[in-house]
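Student: I would like to see how this sequence folds:
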Amino acid sequence: MRKWLAAVVVLAVAGILIGMVVIPAVAQGGGGAAVPTSISYQGYLTDDNGDPIPGPVNITFTIYTELSGGTPVWSETHAGVDPDNGLFSLSLGGNGSPIYAADLEGDRYLGVKVGADGEMIPRQKLASVAYALRAEMANSAFALDAPDGSPIQAIYVDNDGKVGIGTGTPTAELAVGPVGPTTVKASSPALEGTYNTPDYAMGVYVSGKYTYMADYGSGLAIIDISDPSSPALEGTYNTSGNAYGIYLSGKYACVADDTSGLQIIDISDPSSPTLEGTYDTSGLALRVYVSGKYAYVADYTSGLEIIDISDPSAPTLEGTYDTSGNAYGVYVSGKYAYVADYGSGLQIIDISDPSSPTLEGTYDTSGNAYGVYVSGKYAYVTDDTSGLQIIDISDPGSPTIVGTRDTSGDARGVYVSGKYACVADSTSGLAIIDISDPSSPTLEGTYNTSGNALGVYVSGKYTYVADGYSGLAIIDISGIDTPAISTGNISTGGISPSRRTQISAITFMYVMV
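Tutor: Below you'll find the model as predicted:
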């Protein structure tokens, strides 16, 4: 006599998580992927003594409506099953007799018969999760609101599989609400986490699982962001001045430290940073950019100072250029240093000879330039109350204005990521500007932080904001890339009843009990 030990059945139902049939595909006879009609089955076959039974054997599986007796609704025989030390795996429904959703409607029991033996007693009941296969038939109506709540029922599927966009009462295979064209909006930026630094957060830089903050009177603050929803302080170093800007180079953090110039801090142990070296600039060090062996410091009244940091313990002055205004921000690209020069706009300085930098070109913005970021042939300048200025620098000797976007606050810091410029907009928080058309930048989204947004850094789906007395604000901006759906481009004709929208389910487990 044979024994049948624990058997597990697994069904993977692959489908569209929350989706609609693509109209062109339907019109051509396509559609969503079919729900699998087979179940993976694993069993262990032994004799009365518990010893594994060798093969080959024929095994018949039958699904019934009752624990005993009842009506068979499905059956399949697998011939020549050859267990490996008693263990075997099969695909029920994969041997010419598919298992359909209707086969699992109501209570169902699996009977198993090996060779000439009688069917094993008792039959095994399919657990209730097996009814997940009914997802293929869209048992229930489904509604999805837009992420920002407007419109409600942006996408709706009724019990008959009719789809509505902007309407909860679709009267056709695909029905569009009466007000149109309607747009399902993308998500807005959302706060993920915050950390209130000891002093006043001025600058920010992200590397790996840490955020490095220039925290004014408290110097350097290192924050662990491995869990962005719950950032934690990792370490600090109290510089001798007031930390404004920060830039990382290898195991060092270069801090623009106001009256104390450039501070070079060893961060190889983030929990215990130590001072490596200093250089006391002649002005007020506000921002810093590192390229190669040089640190380029925006030194306010003294303009641009270029410091050789090849020996971090003993940095030395390489060269200077006194800009016409007050150097507040700096970005280096190629052989040029781009200086946001408070009062004089953008200054482009040739640094091909760092010991003797020279002015290449200028563009006098309409406001007071605080920050600058260079991407491609454009310089993006944050210009205080004049917002974001986009300047064409393809000819560095003669830069020209291309486009502007007047933010609602005082634009201070800027970071460009893809087609977006993320602006630290002082009292208005974070402004995200679509720059895909530089001549006509548009506001994509905003998040009003609780402090004064002064610095900004983008890494992955998060924007990290140096937010004044509120410290660090971590903002999830992944939603702004969610494509909007415009109903004005959708046709409702040509969809047959057999091609109705299917909303399927994730992955389901079938367990024998």
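
Student: Residue 78: neighbour count?
Tutor: 17 (other C-beta atoms under 10 Å). The C-beta positions use only the backbone N, C-alpha and C, and glycine is treated the same way.

Student: For the nearest residue to it once chain neighbours are set aside, give me its contacts.
Tutor: Excluding the flanking residues, the one nearest residue 78 by C-beta to C-beta, 6 or more residues apart in numbering is residue 59, at 5.1 Å. Counting by C-beta atoms under 8 Å, 6 or more residues apart in numbering, residue 59 touches 77, 78, 81, 90, 112, 113, 114, 115.

Student: packing partners for whichever strand or helix holds the first one?
Tutor: Just to be clear, that refers to residue 77. Assigning secondary structure by DSSP states H and E places residue 77 in strand 72-81. If contacts are counted by 3 or more C-beta pairs under 8 Å, 6 or more residues apart in numbering; DSSP states H and E, strand 72-81 sits against strand 57-64, strand 87-92.

Student: for those, which one sits closest to residue 235?
Tutor: Across the helices and strands packed on strand 72-81, residue 235 has its closest neighbour in strand 87-92 (52.9 Å, C-beta to C-beta).

Student: Helices of the stretch 301-450 of the chain, start to end?
Tutor: With DSSP state H, counting those that start in this stretch as the definition, the stretch 301-450 of the chain shows no helices.

Student: For residue 474, list the residues it contacts.
Tutor: Applying C-beta under 8 Å, 6+ apart, the residues near residue 474 are 191, 192, 193, 194, 225, 228, 229, 231, 462, 463, 464, 465.

Student: Write the ChimeraX selection for whichever of those residues are buried.
Tutor: Of the contacts of residue 474, the buried ones go into a single ChimeraX selection, burial set by 16 or more other C-beta atoms under 10 Å:
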select :191,192,193,194,225,228,231,462,463,464,465
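
Student: which ones among the contacts of residue 474 are found in strands?
Tutor: Secondary structure defined by DSSP state E assigns 191, 192, 193, 194, 462, 463, 464, 465 of those to strands.

Student: nearest to residue 332, of those residues?
Tutor: residue 464 (21.2 Å).

Student: Write down the beta-bridge partners of the closest one, one by one.
Tutor: As for beta bridges, residue 464 partners with residue 457, residue 474 under DSSP bridges.

Student: The stretch 401-513 of the chain: strands as residue ranges?
Tutor: 413-417, 420-424, 430-434, 442-447, 455-459, 462-466, 472-476, 485-486, 508-511 (DSSP state E, counting those that start in this stretch).

Student: Tell me how many other residues surround the nearest residue to residue 68 once chain neighbours are set aside.
Tutor: Leaving aside its chain neighbours, residue 68 sits nearest to residue 123 (7.2 Å; criterion: C-beta to C-beta, 6+ apart). Neighbourhood size, residue 123 [other C-beta under 10 Å]: 20.

Student: hang on, residue 123 packs against residue 113?
Tutor: No. Applying C-beta atoms under 8 Å, one finds residue 123 not in contact with residue 113, separated by 10.7 Å.

Student: list the contacts for the residue positioned nearest the centre of the chain?
Tutor: Residue closest to the average C-alpha location in the chain (C-alpha atoms, centre = their mean): residue 461, at 3.6 Å. Residue 461 makes contact with 476, 477, 478, according to C-beta under 8 Å, 6+ apart.

Student: What distance do you get for the first one to residue 170?
Tutor: This points to residue 476. Separation of residue 476 from residue 170 (C-beta to C-beta, to the nearest Å): 33 Å.

Student: do residue 83 as well
Tutor: To residue 170, residue 83 is 52 Å away according to C-beta to C-beta.

Student: ok, now residue 325?
Tutor: In terms of C-beta to C-beta, residue 325 sits 61 Å off from residue 170.

Student: Now do the contacts for residue 339.
Tutor: 298, 303, 304, 323, 327, 329, 330, 346, 347, 348, 349, 372.

Student: Not counting its neighbours along the chain, what's nearest the fifth one?
Tutor: Counting by C-beta to C-beta, 6+ apart, residue 327 lies nearest to residue 298, which is 4.0 Å off, once chain neighbours are set aside.

Student: Hmm, that neighbour is touching residue 325, no?
Tutor: No. Using C-beta under 8 Å as the test, residue 298 is too far from residue 325 to be in contact (10.8 Å).

Student: Looking at those two now, which is surrounded by more residues?
Tutor: Under the neighbour definition other C-beta under 10 Å, residue 298 and residue 325 were set side by side, and residue 298 has more, 34 against 20.

Student: Contact partners for that one?
Tutor: Contacts of residue 298 by C-beta under 8 Å, 6+ apart are 245, 256, 285-288, 304, 327-330, 339-340.

Student: Narrow those residues to those in strands?
Tutor: Short answer: the contacts of residue 298 in strands (DSSP E) are 245, 256, 287, 288, 304, 327, 328, 329, 330, 339, 340.

Student: and which of those is nearest to residue 410?
Tutor: Relative to residue 410, the closest of the ones in strands among the contacts of residue 298 is residue 328; by C-beta to C-beta it sits at 12.7 Å.

Student: how deep is the closest residue to that closest one other than its chain neighbours tucked in, by neighbour count?
Tutor: Nearest non-adjacent residue to residue 328, counting by C-beta to C-beta, 6+ apart: residue 342, 4.5 Å away. Residues lying near residue 342 (other C-beta under 10 Å) number 22.

Student: residues in contact with residue 342?
Tutor: Contacts of residue 342 by C-beta under 8 Å, 6+ apart are 300, 325, 326, 327, 328, 368, 369, 370.

Student: Out of these, which comes closest to residue 249?
Tutor: Of all these, residue 249 sits closest to residue 327, with 20.1 Å by C-beta to C-beta.

Student: For the closest one, the count of nearby residues, please.
Tutor: Look at residue 327: counted by other C-beta under 10 Å, it has 33 neighbours.

Student: these two touch, right, it and residue 289?
Tutor: No. Applying C-beta under 8 Å, one finds residue 327 not in contact with residue 289, separated by 11.5 Å.

Student: returning to that earlier point: same list, the helices and strands packed on strand 72-81, but as a markdown table with mean pLDDT and distance to residue 396 please.
Tutor: Shown next, in a markdown table, are those (pLDDT from 0 to 100; distance: least, C-beta to C-beta, whole Å):
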| stretch | mean pLDDT | distance to residue 396 |
| --- | --- | --- |
| strand 57-64 | 90 | 76 |
| strand 87-92 | 85 | 66 |
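
Student: what's the most buried one of the ones you listed?
Tutor: strand 57-64 (a mean of 19; mean count of other C-beta atoms under 10 Å).

Student: What strands line up against it, and which way round?
Tutor: As assigned by DSSP bridges, strand 57-64 forms pairs with strand 72-81 (antiparallel), strand 109-114 (antiparallel).

Student: would you put the C-alpha positions of that strand in PDB?
Tutor: Taking C-alpha atoms only, strand 57-64 is exported to PDB below (Å, rounded to 0.1, in the frame of the first residue of the first chain):
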ATOM      1  CA  VAL A  57       3.700   5.300 -11.900                       C
ATOM      2  CA  ASN A  58       0.600   6.800 -13.300                       C
ATOM      3  CA  ILE A  59      -1.100   9.400 -11.200                       C
ATOM      4  CA  THR A  60      -4.700  10.700 -11.800                       C
ATOM      5  CA  PHE A  61      -5.800  14.000 -10.300                       C
ATOM      6  CA  THR A  62      -9.500  14.900 -10.100                       C
ATOM      7  CA  ILE A  63     -11.300  18.000  -8.800                       C
ATOM      8  CA  TYR A  64     -14.700  17.400  -7.200                       C
END
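
Student: you'd agree residue 77 is up against residue 58?
Tutor: Yes. Using C-beta under 8 Å, residue 77 is in contact with residue 58, at 6.1 Å.

Student: Many thanks, have a good one.
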